[in-house]
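Engineer: A structural model of the following input is requested.
(chains A and B)
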Number of protein chains: 2
Amino acid sequence: MSQLYIYNTLSRTKEVFAPINPPFVGMYVCGPTVYNDVHLGNCRTFVSFDLIYRYLLFSGYKVRYVRNITDAGHLEGDRDEGDDKFTKRARLEQLEPMEIVQKYTLGFHDVMKVLNTLPPSIEPTATGHICEQLEMIKTILEAGYAYIVNGSVYFDVERFSSVFDYGALTNRKREELFENTRELHGQDEKRGRLDFALWIKAKPETLMQWPSPWGWGFPGWHIECSAMSKKYLGETFDIHGGGMDLQATHHTNEIAQSKACCKDEPVKYWMHTNMLTVNGTRMSKSAGNGFLPQELFSGTHALLEKAYHPMTVRFFMLQTHYRSTLDFSNDALQASEKGLQRLWNAVNALSKIKPGKQHHNSIDQLDTMCKAAMNDDFNSPVLIATLFEHTALINAAAEGKAELSQDNLNTLKHVYNQYMVEVLGLTPQALKTEYSRALQSAMNLLLQIRTDAKTQRHFELSDHIRKNLEAGGIRIQDHKDGSTWDVM
Amino acid sequence: MSQLYIYNTLSRTKEVFAPINPPFVGMYVCGPTVYNDVHLGNCRTFVSFDLIYRYLLFSGYKVRYVRNITDAGHLEGDRDEGDDKFTKRARLEQLEPMEIVQKYTLGFHDVMKVLNTLPPSIEPTATGHICEQLEMIKTILEAGYAYIVNGSVYFDVERFSSVFDYGALTNRKREELFENTRELHGQDEKRGRLDFALWIKAKPETLMQWPSPWGWGFPGWHIECSAMSKKYLGETFDIHGGGMDLQATHHTNEIAQSKACCKDEPVKYWMHTNMLTVNGTRMSKSAGNGFLPQELFSGTHALLEKAYHPMTVRFFMLQTHYRSTLDFSNDALQASEKGLQRLWNAVNALSKIKPGKQHHNSIDQLDTMCKAAMNDDFNSPVLIATLFEHTALINAAAEGKAELSQDNLNTLKHVYNQYMVEVLGLTPQALKTEYSRALQSAMNLLLQIRTDAKTQRHFELSDHIRKNLEAGGIRIQDHKDGSTWDVM
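Structural biologist: Predicted coordinates:
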């Protein structure tokens, strides 16, 4: 498979990826609402799109990757109900809403960094695009797809549905969506059950509000993504992604807003990441199984047997395809930890194996197989399985039990490095921050002292060194021609 | 001196610090224009205000620290001339202006982090506050202190000067300022030489522009700080800081805008950091002596003899008072490197000294002396000198040549820890990232092997260990009761 195929939620099929204006690719991903700590489900989404971003770059595309920060306008209920999340949190923490935004944006960036995700090209904020949102709402009003009630502006889904297919993204008829939506209260300002807010009139106590042609208020949650994707990627762009929980409401409404404003289909490929579960159960605060990324990295949640390194977590996430449910369990995480170590050991072994005479033709196909996996809708689990397939042979060669030709070795080094570091975004450095110059020199000395001890048959000392290092997290492996070490 | 005194640029005297609404303190500092790598002069300013922020927190104040990001509206010339810096850079790097903003904001945050500055409470952006700036310009127009010409809005300094003192911050008469300003060109839209833009009409090719009551355009550079400080700290707040290069134009115009809008003096204490020089010459690109922070940390500039650790750089900066010129030289940096190591050695020694009988009364005054230094307009060089004064005594006690009572030891530990870590923001961790668990266990083993070797009079081995570790950057020090080690 030499062409990249992407599963498009809109068509419910895998389609050949043909960007609108190659080699440029515009990609928009719905980012976090920064009113509390980023949750693991979000991390999974952003790690998935980091893989996608990396593979598009690796494939030679020039990608403008826009991931927004929602720092205003997100109400507690997705159906325009309840308090603004920032105002509520600001009251709770006795801070100004923008202090809440700063605190959780910094925390989010820290988690993204330790998970080794590349920063997006642009990270626009909702508060940074009030003007753009107002302009878009005006256009929608002028086009007749919205109405004003008492200082708020609502999108008219019925009117929109008379021209366009409102339920296209979820493949549902408007009537069906209508049936699934609760009836309007008597005091509701909306005309139709499916209508949603573009602009919400502020209450006097609302902490975040801006002037508008309809009075002081704040934008609805959905309009920011339409306005910002249009500003930075144009009226029609290539890829729009997010968690699948956003599909039915947020993304459906984004499409409606953009079409009402600009007529065209705004996005060519819609991509959605699946949910995550914990021991088979959906993760939720009320179920008590909702640990945070930082708890996973430090092992400080009751459900966690130990701390898991961010690179273990990243690798674990990528061992499941982004469209499948990802199930967290200690067993699965520990299997990933071992698996990742096995891959790095193979990479390290490659630099030490002396070329032999035997040539394995199968290795000539390795790069093609890796590409084929990723070209099949970014199938990272198949890619990882392909890399695993050769570790047994590499280990055998390292132990002198098999041979690899010079060409074989060159191919393996090149392919493993490209796919593990560039595409999967795994950093050996991050796994081994302890490999400093000082540690290197201390270990060189110790290994030398230990080798001398063994030569002089002082096995007590050599065992003593091995055991004490193991207690400190350093594993020594003895080979025919010397010893190597590793931080576990 | 039990009260905090701050040098106020406005009054040109040290004044007792009396916040408007204690224990709350509002502090605004002009942040970077993120169109290129942050330069060292800016770093010095932000490290200085980090010290000030830390000391205010240490003194029990509840500080809201706002430091903005200028991501629009900054023209090449400070007098409303030339291209918008972002548009120009975006053309050069063939990126969208907000990609430029993202790239250099991330780079700026990285440098701030390695210099161990605390993140501000809020980090607002100019593009994020277009609405607020438009509102403020409208108010200034309504008050009669601005005029519209051909889609641009200018501040009327002459009209302002008939009511308020325009030159107060620099203690210059308007006439004098007038003399120092170049004459208007025939085609200039401004009525008066000192007038400045509040809103600038966009050219068709301007990449960053927004709609306004006066047509599409972008805000002038000065209005963002007035609008954002007002939004997050109120019409009158405690401290406004920045580099002294901002005093004559940017800050003078900020005061004019705020007074035209709200009448009151906006800021109680204006604070300005001084410039930096390199080997006595002003740092500038054209002089070829303008190295970047990253070059300083990596030692990759022709003028630098070696790499300097970010904590060395921070300590070096704090060894000069923020209102004095800071001169960079290899000699001075290396002196700071040694000085900082001496202080940490003293801190480390404190935990090992056994209490003696002799009590030094002078040490009872240490905390008072440190406070007095910082209360005198944040005089960090005097604070550091005070800390240095006791290192000789601590070292003597560590070598068994002097005695320190239990009370003395408690005081020293407490005071050194508080002032070095909390107030000066120096991190022993950052100096010694190599002190990992793995290195610790390897070193424990090596020191034990070396001690055994010495006991058995195998001096060849013990010397071999010392020399090899030194080559790896680890220094061993032998004491009466054992050896310690340190990463150099």
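
Engineer: number of residues surrounding A:Asp327?
Structural biologist: Counted with other CB atoms under 10 Å in any protein chain shown, residues neighbouring A:Asp327 total 15. Placement of C-beta: from N, CA and C, glycine included.

Engineer: can you name the residue of the stretch 51-200 of chain A nearest to chain B?
Structural biologist: A:Gly128 (3.7 Å; CB to the nearest CB).

Engineer: and the stretch 201-350 of chain A, by the same measure?
Structural biologist: A:Trp210 (5.0 Å).

Engineer: burial count for that residue?
Structural biologist: Neighbour count for A:Trp210, taken as other CB under 10 Å: 21.

Engineer: so it touches A:Lys201, yeah?
Structural biologist: No: applying CB atoms under 8 Å, one finds A:Trp210 not in contact with A:Lys201, separated by 11.6 Å.

Engineer: quick check: neighbours shared by those two?
Structural biologist: Listed contacts common to A:Trp210 and A:Lys201 are A:216-217; contacts here mean CB atoms under 8 Å, 6 or more residues apart in numbering or on different chains.

Engineer: leaving out chain neighbours, which residue sits closest to A:Gln247?
Structural biologist: A:His272 (5.5 Å; CB to CB, 6 or more residues apart in numbering or on different chains).

Engineer: go on, A:Gly356?
Structural biologist: Sequence neighbours aside, A:Glu403 is the residue nearest to A:Gly356 in space, at 2.8 Å (criterion: CB to CB, 6+ apart).

Engineer: list the contacts for the one you found?
Structural biologist: Applying CB under 8 Å, 6+ apart, we find A:Glu403 in contact with A:356-358, A:397.

Engineer: A:Gly243 too?
Structural biologist: Counted by CB under 8 Å, 6+ apart, A:Gly243 has contacts A:30, A:41-42, A:45, A:272-273, A:275.

Engineer: enumerate the positions of stretch A:133-151 that are buried.
Structural biologist: A:133-138, A:140-141, A:143, A:145-148 (16 or more other CB atoms under 10 Å in any protein chain shown).

Engineer: out of these, who's near chain B?
Structural biologist: Applying CB under 8 Å from any CB of the partner chain to the buried residues of stretch A:133-151, one finds that A:Glu135 fall near chain B.

Engineer: restricted to strands, list the buried residues of stretch A:133-151.
Structural biologist: Using DSSP state E, the subset of the buried residues of stretch A:133-151 located in strands is A:146-148.

Engineer: save these as TSV, and put in pLDDT too.
Structural biologist: Output for those, formatted as TSV (pLDDT from 0 to 100):
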residue	pLDDT
A:Ala146	98
A:Tyr147	98
A:Ile148	98
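
Engineer: among those residues, which one sits closest to B:Asn289?
Structural biologist: Among those, A:Ala146 lies closest to B:Asn289 (CB to CB), at 58.7 Å.

Engineer: hang on, the earlier thing: I'd guessed the residue nearest to A:Gln247 sits against A:Gly241; true?
Structural biologist: Yes: under the criterion of CB under 8 Å, A:His272 makes contact with A:Gly241 at 7.1 Å.

Engineer: please say which of those two ends up with more neighbours.
Structural biologist: More crowded of A:His272 and A:Gly241, by other CB under 10 Å: A:Gly241, with 26 against 21.

Engineer: around chain B, which positions in the stretch 1-150 of chain A sit nearby?
Structural biologist: Taking CB under 8 Å from any CB as the contact definition, the stretch 1-150 of chain A meets chain B at A:64, A:95-96, A:98-99, A:101-102, A:106, A:109, A:119-125, A:127-128, A:130-131, A:135.

Engineer: give me the buried subset of those residues.
Structural biologist: Buried residues within these, counting neighbours by 16+ other CB under 10 Å: A:64, A:95-96, A:98-99, A:101-102, A:109, A:119-125, A:127-128, A:130-131, A:135.

Engineer: show me the helices in the stretch 351-488 of chain A, by range?
Structural biologist: Remark: helices assigned in the stretch 351-488 of chain A by DSSP state H, counting those that start in this stretch are A:361-364, A:366-375, A:380-389, A:391-398, A:406-417, A:428-431, A:437-455, A:459-471.

Engineer: which stretch in the ones you listed is the model least sure about?
Structural biologist: Looking over the helices of the stretch 351-488 of chain A, mean pLDDT reaches its minimum on helix A:428-431, with a mean of 51.
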